[in-house]
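Novice: Can you look at this prediction? I've put the sequence above it.
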Amino acid sequence: MPPPLPSPRRNGFWAFLCKFGRGINVVRLLIINLVFFTVLFVLLLLLTAGVAGSRMQRTLQDDSVLVIKPQGQLVEQYSIDPLQRALSSLSGNEPKQVQLRDLVGAIDAAAKDRRISRILLLPDDLQQGDGFAALREVGAALDRFRAAGKPVIAWAVNLDQGQYYLAAHADRLLVDPQGGVMLTGLADYRLFYKDLLDKLGVDVHLFRVGEFKSAAEPYILDHASDAAKQADSYWMGGLWDSYIGEVATLRKLDPTALRADIDNLPQAIATTQGDLAQLAVNEHLADGLATRAELIAMLRKQGVPADDKGHSFRQVDLARYAASLPGDGKLFEPGVAVVVAEGEIAAGKQSAGSIGGESTAALIRAAREDRKTRALVLRVNSPGGEVYAAEQIRREVELTREAGIPVVVSMGNVAASGGYWISMNANRIFAEPNTITGSIGIFGMYYTVPNTLAKLGVQSDGVSTGPMAGAFDITRPLDPKVGTVIQAIIDKGYRDFVGKVAQARGKNFDAIDAIAQGRVWTGQQALDRGLVDQLGGLGDAVVDAASLAKLGKDYPVRYQEAPLGGFARFLINLNHDASMHVLQSWGIRLPDWFAQLPALAPELQLLRSAKAGTPNIYADCLCTLH
C-alpha cells in the first residue's frame, strides 16, 4: 500500500483568515460571558436587595417619624420618563418632580398607620409651580393627619411663599436662625418682543376675540395693555386675598395685620437689623428658631426614639414609606377611573405629563370602554393650547356621558382657556378657590418674513393662478384679504367656544359672553359666575363621581394611563421598590452623569406643533405666577 499523501499546506492568507476567525470567536465568547455575568450580578444584587427591602418594609418600627422632603415641582403626572427616573434614583439624585397623588396618598396612609407618630415637613426644596391649588390639596391632607391626633412639625432654612403656604399647616413651625420667611405677594411680569421682532423684520399678525385675551400681546406690543393689567389685577388680587385669609386662619393672625407686615417688610426688617428669622418669629409667622441639631434634640425630648446609630431619631422618608404601602386589592371591581390632563394641549400623541389631542382622547375612550369603569374623573391642570386638540378631548368627554358614565372634572392649579374647553361638558366641575380658570377666548397668530429676507438681500417674486394662491407664503406680505379670512375663522371659533359653554352650563350665549372675552378668574370667582359647580379637590371630585354612579362607599380608584412596555414597567417598579433604597443605603450608585444620558438631545424639545405657512389657532392662557 502506498504511503498516504501529505495534506496540502495552507497558504499564508488562508492561515490568517483561520486565526482571525478564531480570534473573533474568542472575543464573542468574552463579550457574551461579560454580559451574562453582569446581568446575573445585577439580578442577584436586586434579588438580595429586594429581600432586604421586603424585610425593611415589614420591620418599620413603632413611633417612627414620616419625613416629607419633597424635591422639585409638585405635578399631577410625571413628565420625566421612566428610564430617567430610574437612572436618577440609582445615581442618588432623586427626580425633581413629586407626584401629587403619591404625596397625598402617603400622608393619608400615615394618618391611619399606628407605626407613624408624626410628620416632619422639610419644604426647602419644594418648587411652587404654576399655582397654589395642588399645595392646598397637600395642606388638606396634612390637616387630616392632624385631625387623627398626630402632630405635624415643619422646619426649614428659608421659606418662600409657596413653601410657607404648606408649612403653615404644621402644629409647630421652626426656621433656622440663619434662614427666614419671605412673603412678597404675587406678580405676573412678561417679556415683550415687538421691538426685537421689528429689528429682525418679522411681522406678527394677531387675530383674536375677547377684550382680555392677552396671551399673544408680547408679540405685538412692547408693554402690557390696560385691559390685560385690569384683568390680571383682579384675578391675582383674588388669589392673594385667598392666600392671606388661609395663612391668617392657620397661624391665628389678623388678615389685615398680616397683609401690612408683608407690605412693610423694608421698614420691619430694620427692627431686627436684617434678621429675617427673628422677624418671622416676631410677626408670628414662625413659632421659634432651631438648628437641625436642636430640632433632633426637640424630637427626642418629645419621646421619639433614637435611630439605630443613636445620632438622630427613628424615621422613614417619603419614598421608602410610599414603596412599602400595599396596593389596592380591588382593581378588578367596578370603580372610578381617573384621567390626568396636564400641560399644554397639542395635536397628536404626546408623552405622559403632556396633553395630546389623540393620546388624551384615547385615554378617555379606553376608560369608557373598560367594563370596570362606572365613573370618570378628569383631572385638569392646563393653560390650554391648540383648539382642535382640545375639541378632540371634549368630544370624548361628551361621548362618555352619552354612554351613561358620569364625568366629573377636578381642576388643579390651572384649568384655563383650552383647559376649560376640555372641562366644560362634565356632569360637574370642581375647582379649588385658588385655581386659575376661565380665559374663554381664542386667538390666532401668523408670521411673515419678507422684511427679514430683505435685510439679508433676498427677495420673493413669482406668479400665481389666482388671488388666494400662495397667499399663505410667509415670504410675502400678508394680503388684507387673507387677514379677513383668518379673522372670520377666529370669530367662528369664539362663537363655538362660548356657545358650547353656554349649552354645557345651561345659560344663554350673552350671559357667557359677558364673563368670557378671554378673562381669567380664580376658582372662587368662577363659582360665583357659574363656570364651576363646587369648590373642592381631587378627592372631593372622586367621591362625587362615585355618588353619581351609585358605587357606595367602598370602590377602587384607578388611573387610566398609556400602556407601558415590559421594560418601562420594570423601571417604574424598580424606582418605587424599597430595594432601590436598600441599594442606595449600601452605597451602590451610578455616576451622576449617567442620569443625564436620556437628556443629551435637548434640541428635540424645540420641535413644537406650530406649522409654518398656516394660521395656528389657540385657546391658551399664559397666566403664570412669580
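Specialist: Done, it's in. Predicted model only: the values in this text are computed from it and were never measured. Numbers count the residues shown, from 1 in each chain.

Novice: the helices in the stretch 251-400 of the chain, which residues?
Specialist: Under the criterion DSSP state H, counting those that start in this stretch, the stretch 251-400 of the chain contains helices at 255-263, 265-271, 276-282, 292-301, 318-324, 357-369, 387-402.

Novice: Count the neighbours of the closest residue in space to residue 382 that isn't next to it in sequence for me.
Specialist: Closest residue to residue 382 apart from its sequence neighbours, by Cβ to Cβ, 6 or more residues apart in numbering: residue 419 at 3.8 Å. Every C-beta, even on glycine, is put in place using the N, C-alpha and C of the backbone. Residues lying near residue 419 (other Cβ atoms under 10 Å) number 34.

Novice: Am I right that residue 419 sits in a strand?
Specialist: No. The assignment for residue 419, made by DSSP: H, G, I helix; E, B strand; the rest coil, is helix rather than a strand.

Novice: If you average pLDDT over each of the helices of the stretch 251-400 of the chain, which is lowest?
Specialist: Among those, helix 318-324 carries the lowest mean pLDDT, a mean of 89.

Novice: what packs against that helix?
Specialist: For helix 318-324, the packing partners by 3 or more Cβ pairs under 8 Å, 6 or more residues apart in numbering; DSSP states H and E come out as helix 12-58, strand 64-68, helix 100-112, helix 566-576, helix 578-585.

Novice: where does the residue most central in space within the chain land on pLDDT?
Specialist: What sits nearest the mean C-alpha location of the chain, by Cα atoms, centre = their mean, is residue 75, with 3.0 Å. According to the prediction, residue 75 has pLDDT 92.

Novice: likewise the one 10 residues further on?
Specialist: The confidence metric pLDDT takes the value 49 at residue 85.

Novice: ok, now the one 10 residues further on?
Specialist: For residue 95, the model assigns a pLDDT of 58.

Novice: Low-confidence ranges, the protein, go.
Specialist: Within the chain, the ranges that satisfy pLDDT under 70 run 1-21, 23, 35, 37-58, 80-95, 328-329, 331, 563-626.

Novice: Over to residue 192. Which of the three states is it?
Specialist: Following three-state DSSP, the label given to residue 192 is coil.

Novice: what separates the residue lying closest to residue 228 once chain neighbours are set aside from residue 487, distance-wise?
Specialist: Leaving aside its sequence neighbours, residue 228 sits nearest to residue 214 (Cβ to Cβ, 6+ apart; 3.7 Å). Relative to residue 487, residue 214 is positioned 18 Å away (Cβ to Cβ, to the nearest Å).

Novice: Residue 303 too?
Specialist: Counting by Cβ to Cβ, the gap from residue 303 to residue 487 is 71 Å.

Novice: So the two - more neighbours on which side?
Specialist: More neighbours surround residue 487 than the other of residue 303 and residue 487, with 16 against 9 (other Cβ under 10 Å).

Novice: Mind telling me what element the more buried one is part of?
Specialist: According to DSSP states H and E, residue 487 maps onto helix 480-505.

Novice: quick one: that helix to chain centroid distance?
Specialist: 30 Å (Cα atoms, centre = their mean, to the nearest Å).

Novice: which parts of that helix are buried?
Specialist: 482, 485-487, 489-490, 493-494, 497-498, 500-502, 504-505 (16 or more other Cβ atoms under 10 Å).

Novice: returning to that earlier point: can you name the residues that contact the residue nearest to residue 382?
Specialist: Taking Cβ atoms under 8 Å, 6 or more residues apart in numbering, we find residue 419 in contact with 341, 345, 380, 381, 382, 383, 384, 411, 437, 621.

Novice: show me the contacts for residue 170.
Specialist: Applying Cβ under 8 Å, 6+ apart to residue 170 gives the contacts 121, 142, 152, 153, 154.

Novice: Mind doing that once more with 6 Å?
Specialist: Listed by Cβ atoms under 6 Å, 6 or more residues apart in numbering, the contact set of residue 170 reads 152, 153, 154.

Novice: Verify the contact between the last one and residue 173 for me.
Specialist: Yes. Using Cβ atoms under 6 Å, residue 154 makes contact with residue 173 at a distance of 4.7 Å.

Novice: between the two, what contacts are shared?
Specialist: Overlap of the contact sets of residue 154 and residue 173 (by Cβ under 6 Å, 6+ apart) consists of residue 167.

Novice: end-to-end on stretch 262-281?
Specialist: Using Cα to Cα, to the nearest Å, one end of stretch 262-281 lies 14 Å from the other.
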